[in-house]
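**Student:** coords below, sequence missing:
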């Protein structure tokens with residue numbers, strides 16, 4: 001227990017640039033104080049002492065705003081940064097040198113007994129407000145983005161974002177524990193790809209309509225496919241038009257259809273709403 005406390009103390013100077021001296025860290029870092037109380041409560045819990053471990057856990061919650069069940073297993077060198085609102089359940093296991101930000105929940109689902117809380121591997125980073133729920137296995141060096149809700153196992157060396165959490169990045173390179181805010185926006189990238197496809201289809205329709213307009217039609221003759229524009233061409237135009245219509249309907253709820261176009265049917269990446277959306281996503 002003493003070695004774990006020393007590692008908890010030292011890791012703060014490595015990961016928090018605001019840590020200036022040992023006195024400030026010892027008295028002004030609630031994450032360290034919560035871990036100190038937890039390690040005592042956990043030791044008493046292992047020796048089957050009734051009531052006292054939960055009382056120590058409750059006192060730690062009142063003093064620090066961090067609730068750690070005495071039954072939770074926490075490795076050495078764990079850093080709970082700020083920590084207000086952090087909840088770690090009874091059967092949770094946290095690996096060595098994990099970094100946990102404020103508002104994180106390592107919780108269970110339902111009222112099942114046994115192992116019902118997540119297991120975090122070594123060097124895992126859990127961003128502010130993230131929720132990891134259920135008996136999940138989070139691999140080593142995983143980075144969970146702020147506000148994500150993880151409901152499935154995550155392999156090692158991955159980045160998870162979203163609700164529910166999705167793996168958006170895989171790498172064999174260890175992640176920087178302080179870069180939990182630099183995460184890709186997978187939703188914005190998907191919308192961007194969809195808009196690119198719509199623009200390409202609209203340009204193709206305009207080209208086909210221009211070709212059709214240049215085809216001479218005899219006066220009084222019935223409309224029919226001519227030699228320059230075959231029946232297959234018209235079928236292809238109809239198919240592309242149907243694809244554009246379907247894509248525009250999918251984007252209708254997002255208000256991404258341009259209001260500058262008289263017909264209101266064109267999606268332009270230069271529209272102000274789209275520019276603001278993609279600028280905010282960083283893509």
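**Tutor:** Received, thanks. The model shown is predicted, which means the values in this text are computed figures rather than measured ones.
**Student:** only C-alpha atoms from now on, for both contacts and neighbour counts.
**Tutor:** Will do.
**Student:** buried stuff in the helix or strand residue 191 falls within?
**Tutor:** Take DSSP states H and E as the rule and residue 191 turns out to sit in helix 186-213. Residues 188, 192, 195, 198-199, 201-202, 205, 208 are the ones in helix 186-213 that count as buried (16 or more other Cα atoms under 10 Å).
**Student:** from the residues you listed, which is closest to residue 6?
**Tutor:** Nearest to residue 6 among those is residue 188, at 43.3 Å by Cα to Cα.
**Student:** residue contacts, the residue nearest to the spatial centre of the chain?
**Tutor:** Most central in the chain under Cα atoms, centre = their mean is residue 161, positioned 1.3 Å from the mean C-alpha point. Taking Cα atoms under 8 Å, 6 or more residues apart in numbering, we find residue 161 in contact with 144-149, 167-168, 183.
**Student:** and if you look at residue 11?
**Tutor:** 77-79, 97.
**Student:** quick one: it is in a strand?
**Tutor:** No. According to DSSP: H, G, I helix; E, B strand; the rest coil, residue 11 belongs to no strand; its state is helix.
**Student:** most surrounded residue in the contacts of residue 11?
**Tutor:** Per-residue neighbour counts (other Cα atoms under 10 Å) across those peak at residue 78, which has 28 neighbours.
**Student:** pLDDT of the helix or strand harbouring residue 3, averaged?
**Tutor:** If you go by DSSP H and E, residue 3 is part of helix 2-15. Looking at helix 2-15 alone, the average pLDDT works out to 86.
**Student:** same check, this time on stretch 197-207
**Tutor:** 83.
**Student:** mind giving me the packing neighbours of the helix holding residue 191?
**Tutor:** helix 231-252, helix 272-281 (3 or more Cα pairs under 8 Å, 6 or more residues apart in numbering; DSSP states H and E).
**Student:** which positions in the helix holding residue 3 come out as buried?
**Tutor:** 4-5, 7-12.
**Student:** quick one: that helix to chain centroid distance?
**Tutor:** Relative to its parent chain, helix 2-15 has a centroid offset of 28 Å by Cα atoms, centre = their mean, to the nearest Å.
**Student:** coming back round to it: phi, psi of the residue nearest to the centre of the chain?
**Tutor:** Backbone torsions for residue 161, taken as degrees, to the nearest 10, come to phi -140, psi 160.
**Student:** can you pull up the bridge partners for it?
**Tutor:** residue 166 (DSSP bridges).
**Student:** ok, it to residue 65 distance?
**Tutor:** 25 Å (Cα to Cα, to the nearest Å).
**Student:** next one: residue 146
**Tutor:** Distance from residue 146 to residue 65, by Cα to Cα: 19 Å.
**Student:** more neighbours: which of those two?
**Tutor:** Using other Cα under 10 Å, the more surrounded residue of residue 146 and residue 65 is residue 146, with 24 against 21.
**Student:** mind checking how far the residue nearest to the more buried one when sequence neighbours are not counted is from residue 31?
**Tutor:** Sequence neighbours aside, residue 127 is the residue nearest to residue 146 in space, at 4.1 Å (criterion: Cα to Cα, 6 or more residues apart in numbering). Residue 127 sits 15 Å away from residue 31, going by Cα to Cα.
**Student:** residue 15 now?
**Tutor:** Residue 15 is 13 Å from residue 31, by Cα to Cα.
**Student:** which one is residue 29 nearest to, not counting chain neighbours?
**Tutor:** residue 82 (7.2 Å).
**Student:** what's the neighbour count on that neighbour?
**Tutor:** 20.
**Student:** show me what contacts it?
**Tutor:** Taking Cα under 8 Å, 6+ apart, one finds 29-31, 101-102 in contact with residue 82.
**Student:** just the terminal-to-terminal distance for stretch 41-52.
**Tutor:** Stretch 41-52 end-to-end distance (Cα to Cα) = 8 Å.
**Student:** what residues sit buried inside it?
**Tutor:** 41-42, 44-45.
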